[in-house]
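1. need the 3D shape of this:
(chains A and B)
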Amino acid sequence: MKGSSPSSTLTFINARVRLILILAFIIGLNLTPAGAWPAYLLFFSLVLSTAVLARLKTGPLVLKSLAALPFSLAALLLIFSGGEPLLNGPWGIRFSQPGLVRFFSIVIKACISLQAALVLTGVTPAPDLLRALRELGLPRVFVSIITLMWRYLDLLVDEARRLLTARASRSSHLNGRSGGSLVWRAQVAGGMAGSLLLRGMERGDRVYAAMLARGYNGEPLPGAAAETASPRQGWILAGGLGLVILLTIFGFLTAARF
Amino acid sequence: MFFSPQPMHIPDGFLSVVVSVILWIISLGILFQAVRKTNGTLKERDIPLMGVLAAAIFAGQMLNFPVGGGTSGHLLGAAIAVILLGPWPAVLVMTSVVAVQALLFQDGGLLALGGNILNMAAAGVFVAHFVYTLLRRLTGEHKWGLFVSGFAAAWASIFIAALACALELALSGTSPADVAVPAMAAIHAVIGIGEGLITTGALAFIFTARRDLLEGNAAAQGQKPVLIGGALLSLALVILSPLASTHPDGLEWVAEQKGFLESARGALYEIIPDYVMPGISNEALATILAGAVGAAVVFALAYFTARRSKSKTA
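-> Residues are numbered from 1 along each chain as shown, chains lettered A, B, ... in the order given. The predicted structure follows:
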């Protein structure tokens, strides 16, 4: 569930540079106007080639990126609204052509953005990502909280799973129907959430006691040493940003006009 | 799938870049304010506590209960975080939850993270704080007051966050306001009941097990600016949403104004062929650019592959 293969290449690029480049990529992609199909293809091929270089499996990458699809329900209405010209579909449904173009552009952009984010986490273990965030100027208190959250996440997720297992093994189903009233079921889930939060708070106190015993004085957690910013990292950053800008301009030039 | 944990994590692609950047700026401002405020009042045990509690809320979002029709109710957790911690620490905890979901689990986009933080970690928290404090004062010391306030705060946090989400989508031109805002409001008015019930259940558990945690914490911290902010925010969104849905033209007007990029694009078409490079049509320019991009991609591929094989043999 968490972490990534440390053997992947592209690790010679700073985590910080990687984070900036992926963000720039997503911004450039989303700046590209609707209907710039050739540009989307180039953006997609860039993500895929990066994934190949990083030795990530491209099939699962593309499949996972489809997780953005359910949200496209929010944009579905575009198809039926918007100005002329309208296309006549079957059963008297009228589609708006600009709406269709916008809808599919949004869906494609969402999937490619998700792939880019997946490549980032695929080549960057969580601790590196958190360190990159601190190097980019996020407050240390905040990074400390996220770091501690990450450290105890597996533990508490397991705890939640145990709660779910415990409930499932005490419950019975009859013809797929759940027992009790809706309010009662919600209260049971609420009790589980309450106990999870209490255990979390009590664990937080124990963690604090343990940290105190090791000399913790309220200062945010010390992080690993910062990565050196060599000139080569600068060149990689500049090259990557330039490529994204080129792709975005290309998108503006090739966008379908309505 | 649409009813999976929170149908409120906006992925990338659904918010326009202009809207995303504005939302990022707002939520970064709120975040820095939260860091400043908590730095002042933070006892030293609070950092580990907030970290572990953020993990607990993340895990708590897995807990569900069957509603019927294959859907299930889930916990978002903004209200319970406010009740246990007070407003500013709750902002930090919820931001951590939303940020980790986006950064490490791709639940919600990176560019859209500003908006998601604003909806779930800021708006949800402030509104829950306002409703909870107000109702606690009104209901006095009664035990049922705690549960009623908790339920209302949880429901309001979901409802207001959904309204904010719908307005952001409409502002980005992703969904038409006249249909999307009432639809989002209606769906989340129902989902909010689930959140309210779970929150009440959790409060009942905590009330029995650790009553001390519920006494005085958030209510005593009823800082005026936060309270007023929460009140204004909920008022603005509640008034704005029906307005936006009955007068979608207003929102579209904003979207038009903001859509200067589109007009800039038109200008680009006008300028380049006629003045900068006379005689070269768009197609030619596009081809040249495509060639340049393709060459850059190939170059980068070759470079990285060479690097890889070099580091392998080294």
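2. the residue of chain A found nearest chain B - nearest residue in space that isn't next to it in sequence?
-> Residue nearest to chain B within chain A (C-beta to the nearest C-beta): A:Gly190, separated by 1.6 Å. (Glycine included, C-beta is placed from N, CA and C.) In this structure, A:Gly190 finds its nearest non-sequential neighbour in B:Gly201, 1.6 Å apart by C-beta to C-beta, 6 or more residues apart in numbering or on different chains.
3. equivalent analysis for A:Arg102, please.
-> A:Ala34 (4.6 Å).
4. residues touching the one you found, list them.
-> Contact analysis of A:Ala34 by C-beta atoms under 8 Å, 6 or more residues apart in numbering or on different chains lists A:Pro98, A:Val101, A:Arg102, A:Ser105, A:Ile106, A:Ala255, A:Ala256.
5. and if you look at A:Ala15?
-> A:Thr124, A:Asp128, A:Leu129, A:Arg131, A:Ala132, A:Glu227.
6. the same query, at a cut-off of 6 Å, please.
-> Going by C-beta atoms under 6 Å, 6 or more residues apart in numbering or on different chains, A:Ala15 touches A:Thr124, A:Asp128, A:Ala132.
7. for A:Leu130, same thing?
-> Going by C-beta under 6 Å, 6+ apart, the list of residues near A:Leu130 reads A:Thr147.
8. that one - that's part of a helix, no?
-> Yes. Per DSSP: H, G, I helix; E, B strand; the rest coil, A:Leu130 lies within a helix segment.
9. can you tell me the helix or strand for the residue of the stretch 151-300 of chain B found nearest chain A?
-> Residue nearest to chain A within the stretch 151-300 of chain B (C-beta to the nearest C-beta): B:Gly201, separated by 1.6 Å. Under the criterion of DSSP states H and E, B:Gly201 resides in helix B:177-209.
10. what's the answer for B:Val67, then?
-> Per DSSP H and E: strand B:64-68 holds B:Val67.
11. then A:Ala166?
-> helix A:140-170.
12. can you check B:Gly109 too?
-> Applying DSSP H and E, one finds B:Gly109 in no helix or strand.
13. that one and chain A, how far apart?
-> Taking C-beta to the nearest C-beta, to the nearest Å as the criterion, B:Gly109 is separated from chain A by 6 Å.
14. following the chain onward from the strand holding B:Val67, which element is next?
-> strand B:71-74.
15. what mean pLDDT does that next one have?
-> If you average the pLDDT over strand B:71-74, you get 72.
16. how about B:Ile117: what's its closest non-neighbour residue?
-> Per C-beta to C-beta, 6+ apart, closest to B:Ile117 is B:Ser27, 4.2 Å.
17. quick check: that neighbour touching B:Leu118?
-> Yes. Here B:Ser27 reaches B:Leu118: they are 4.4 Å apart, a contact under C-beta atoms under 6 Å.
18. give me the common contacts of these two.
-> If you check B:Ser27 and B:Leu118 against C-beta under 6 Å, 6+ apart, no residue is contacted by both.
19. all helices for chain A, in order.
-> Listed in chain order, the helices of chain A (DSSP state H) span A:15-31, A:37-53, A:58-65, A:97-123, A:126-135, A:140-170, A:182-213, A:231-254.
20. so which elements touch the last one?
-> Of the remaining helices and strands, those touching helix A:231-254 by 3 or more C-beta pairs under 6 Å, 6 or more residues apart in numbering or on different chains; DSSP states H and E are helix A:15-31, helix A:37-53, helix B:282-313.
21. the first one versus helix A:231-254: what angle between them?
-> Helix A:15-31 and helix A:231-254 are oriented at 10 degrees to each other (axes from the mean of the first three to the mean of the last three C-alpha atoms, to 10 degrees).
22. what pLDDT does residue 65 get?
-> Let's take chain A. 86.
23. my bad, chain B
-> 78.
24. B:Thr208 now?
-> pLDDT at B:Thr208 comes out at 89.
25. dump the residue contacts of B:Val35.
-> By C-beta under 6 Å, 6+ apart, the neighbours of B:Val35 are A:Pro139, A:Val141, A:Phe142.
26. now the spatially closest residue to the first one that is not a sequence neighbour: how far from B:Asn116?
-> Pointing back at A:Pro139 there. Nearest non-adjacent residue to A:Pro139, counting by C-beta to C-beta, 6+ apart: B:Val35, 4.6 Å away. Distance, B:Val35 to B:Asn116, by C-beta to C-beta, to the nearest Å: 18 Å.
27. how many neighbours does B:His142 have?
-> Using other C-beta atoms under 10 Å in any protein chain shown, B:His142 is surrounded by 10 other residues.
28. actually, A:Leu63.
-> Neighbours around A:Leu63, by other C-beta under 10 Å: 10.
29. swap in B:Arg137?
-> Using other C-beta under 10 Å, B:Arg137 is surrounded by 12 other residues.
30. how much space between it and B:Val131?
-> Applying C-beta to C-beta to B:Arg137 and B:Val131 gives a distance of 11 Å.
31. hang on, the residue of chain A closest to chain B packs against B:Ile206?
-> No. In this structure, A:Gly190 is not within contact of B:Ile206 by C-beta under 6 Å, at 9.9 Å.
32. about what we covered before: from B:Arg211, how far out is the residue of the stretch 151-300 of chain B closest to chain A?
-> Counting by C-beta to C-beta, the gap from B:Gly201 to B:Arg211 is 16 Å.
33. which positions in the stretch 1-150 of chain B make contact with chain A?
-> Within the stretch 1-150 of chain B, the residues that sit near chain A (C-beta under 6 Å from any C-beta of the partner chain) are B:1-2, B:11-13, B:17, B:35, B:44-45, B:47-56, B:59-60, B:62-63, B:65-66, B:75, B:96, B:104, B:106, B:109-111.
34. quick check: ChimeraX command selecting the buried ones in the residues you listed.
-> Per 16 or more other C-beta atoms under 10 Å in any protein chain shown, the buried members of those correspond to this ChimeraX selection:
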select /B:11,12,13,17,35,45,47,48,49,50,51,52,53,54,55,56,59,60,62,63,65,66,75,96,104,106,109,110,111
